[in-house]
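**Student:** let's see this in three dimensions:
(chains A and B, ligands or ions: 2)
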2 protein chains.
Amino acid sequence: MGCQWLVFLTVLLFSAVAEASDCATDGVPIVRNISEIEQDSYGIPGLSHVTVAGSVMHGFKEIEVWLQTLAPGTGTPIHRHSCEEIFVVQKGSGTLYLASNSHLKYPGNPQEFPVFANSTFHIPVNDVHQVWNTNEQEDLHFIVVISRPPVKVFVYDDWFMPHTAAQLRFPFPWDERCYQTPPVKDEL
Amino acid sequence: MGCQWLVFLTVLLFSAVAEASDCATDGVPIVRNISEIEQDSYGIPGLSHVTVAGSVMHGFKEIEVWLQTLAPGTGTPIHRHSCEEIFVVQKGSGTLYLASNSHLKYPGNPQEFPVFANSTFHIPVNDVHQVWNTNEQEDLHFIVVISRPPVKVFVYDDWFMPHTAAQLRFPFPWDERCYQTPPVKDEL
Ligand SMILES: [Zn+2]
Ligand SMILES: [Zn+2]
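**Tutor:** Ligands and ions are numbered 1, 2, ... in the order given. Take a look at the predicted model:
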């Protein structure tokens, strides 16, 4: 076995250790630099997501805080979840699409709400919604706060897909790397 | 009764109606302009507090979001609470004082953590803490997120006051105006 193999194995071992400790929820530093936290689109075009304070990443039990940016002309999936969700818009402007007709079999045409810098908006529990950057000039920056983490998201292809056909995404992509399946009880 | 009395009574009636609907938690608009929300120091010198999304003001059950500013050389009271609390620093810098010695009879000398723009910090449940703007040049701006609203705060005069002597402030000053005592059951 050549020396380059040893180097390769050492690097592999180190990165495995680093990744594991990144997901350890005890001993999370009290103060953290947000710009040093992992940032990714998690497969959603135009999105930049940072879990500022999270359940699977940092061990919070009751609240989770995200920092998100949407590029012009991009948005979140159409989705619902059974937690409280509050947005604080820091920069830019956009549109919230919200379908409050949960008595129907499908969301139906959503209401449109303009959102803007220094505005706050919230999503009533289980209402189907989508946030879109409809401003062609600037990125839309906002903070998101949710209860009952980690988030369990039901995704819709369009506003007329039946609620029963919406697809559960759990763990959601940004929780996947650190999510640990609860241990299954041995039934023997 | 002169006409000025009628005017006076009408104004009184209108402001009572306005105040009542300001505290009504059903029908809170989905999007709100943060600069139009009530802002006050609530008796804490140097503080500016805005309840962006609150329990007693807006009907949220699991999370509450505040926007706070501390002038140079001012800070929060020394206090503890049994909820999760996450800070996101938007501008300025300061110091978090945190006493994690909850096994003692009193908080004791706290640890000092520098906090800065684009940092996040959290307070472990029940740890005694204080946030101070130790930067003489600029205001310290941050967002606060708490679970289990409305907040039940125990205030300390100093770091050596016994935990048992800390004074409960509930409802906290910014919740006072809209807080309604739960109805007492008639025992007859
Ligand atoms: Zn959502
Ligand atoms: Zn606190």
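**Student:** so how far is the helix or strand hosting residue A:56 from its chain's centroid?
**Tutor:** Using DSSP states H and E, residue A:56 sits within helix A:55-58. Relative to the centre of its chain, helix A:55-58 is centred 12 Å away, using CA atoms, centre = their mean, to the nearest Å.
**Student:** what packs against that helix?
**Tutor:** helix A:3-23, helix A:173-176 (3 or more CB pairs under 8 Å, 6 or more residues apart in numbering or on different chains; DSSP states H and E). In this view, the C-beta of every residue, glycine as well, is placed from N, C-alpha and C.
**Student:** what mean pLDDT does the first one have?
**Tutor:** This points to helix A:3-23. What helix A:3-23 shows for mean pLDDT is 53.
**Student:** and if you look at the last one?
**Tutor:** Per-residue pLDDT over helix A:173-176 has a mean of 97.
**Student:** next secondary structure element downstream of the lowest-mean-pLDDT helix or strand in chain A?
**Tutor:** Ranked by mean pLDDT, DSSP states H and E, the helix or strand of chain A with the weakest confidence is helix A:3-23, at a mean of 53. Counting by DSSP H and E, the next helix or strand C-terminal to helix A:3-23 is strand A:31-33.
**Student:** list the buried residues for that next one?
**Tutor:** Residues of strand A:31-33 classed as buried: A:31, A:32 (neighbour count, 16 or more other CB atoms under 10 Å in any protein chain shown).
**Student:** who does that strand touch, helix- and strand-wise?
**Tutor:** By 3+ CB pairs under 8 Å, 6+ apart, strand A:31-33 packs against strand B:111-116, strand B:119-123.
**Student:** can you list contacts of stretch A:171-179?
**Tutor:** Residues from elsewhere that reach stretch A:171-179 (CB atoms under 8 Å, 6 or more residues apart in numbering or on different chains): A:19, A:22-23, A:40, A:42-44, A:49, A:51, A:54-57, A:150-153.
**Student:** now tabulate the helices and strands packed on strand A:31-33 in a markdown table and tack on mean neighbour count, mean pLDDT and distance to chain A.
**Tutor:** Shown next, in a markdown table, are these (neighbours: other CB atoms under 10 Å in any protein chain shown; pLDDT from 0 to 100; distance: least, CB to the nearest CB, whole Å):
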| stretch | mean neighbour count | mean pLDDT | distance to chain A |
| --- | --- | --- | --- |
| strand B:111-116 | 15 | 98 | 5 |
| strand B:119-123 | 24 | 98 | 4 |
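**Student:** what parts of chain A come near chain B?
**Tutor:** A:28, A:30-35, A:52-53, A:58, A:60-63, A:65, A:67, A:83-84, A:86, A:88, A:90, A:96, A:98, A:113-116, A:118-122, A:143, A:145-148 (CB under 8 Å from any CB of the partner chain).
**Student:** filter those residues to the buried ones?
**Tutor:** Neighbour counting with 16+ other CB under 10 Å marks A:30-32, A:34, A:52-53, A:58, A:60, A:62-63, A:65, A:67, A:83-84, A:86, A:88, A:90, A:96, A:98, A:113, A:115, A:119-122, A:143, A:145-148 as buried within the residues of chain A next to chain B.
**Student:** thinking again about what came up before, and the contacts of stretch A:171-179, which are buried?
**Tutor:** Buried, going by 16+ other CB under 10 Å: A:44, A:49, A:51, A:54, A:55, A:56, A:57, A:150, A:151, A:152, A:153, out of the contacts of stretch A:171-179.
**Student:** confidence score at the nearest residue to the third one once chain neighbours are set aside?
**Tutor:** What it means is residue A:51. Excluding the flanking residues, the one nearest residue A:51 by CB to CB, 6 or more residues apart in numbering or on different chains is residue A:57, at 5.3 Å. pLDDT, residue A:57: 93.
**Student:** so how far is residue A:175 from residue A:57?
**Tutor:** 8 Å (CB to CB, to the nearest Å).
**Student:** find the residues that touch each one of these two.
**Tutor:** Common neighbours of residue A:57 and residue A:175 (CB under 8 Å, 6+ apart) are residue A:51.
**Student:** hmm, back to that, closest one to residue B:129 among the helices and strands packed on strand A:31-33?
**Tutor:** Closest to residue B:129 of the helices and strands packed on strand A:31-33, according to CB to CB: strand B:119-123, at 5.1 Å.
**Student:** angle of whichever helix or strand comes after that closest one against strand B:111-116?
**Tutor:** Toward the C-terminus, strand B:119-123 is succeeded by strand B:128-132 as the next helix or strand (DSSP H and E). Here the directions of strand B:128-132 and strand B:111-116 differ by 40 degrees (axes from the mean of the first three to the mean of the last three CA atoms, to 10 degrees).
**Student:** is strand B:128-132 in proximity to chain A?
**Tutor:** No. Remark: strand B:128-132 sits outside contact range of chain A, by CB under 8 Å from any CB, the gap being at least 9.6 Å.
**Student:** for that strand, which helices and strands make contact with it?
**Tutor:** Applying 3+ CB pairs under 8 Å, 6+ apart, we find strand B:128-132 packed against strand B:78-80, strand B:93-99.
**Student:** dump those strands into TSV; add distance to residue A:171 as well.
**Tutor:** Listed next are the helices and strands packed on strand B:128-132 as TSV, based on distance: least, CB to CB, whole Å:
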stretch	distance to residue A:171
strand B:78-80	33
strand B:93-99	31
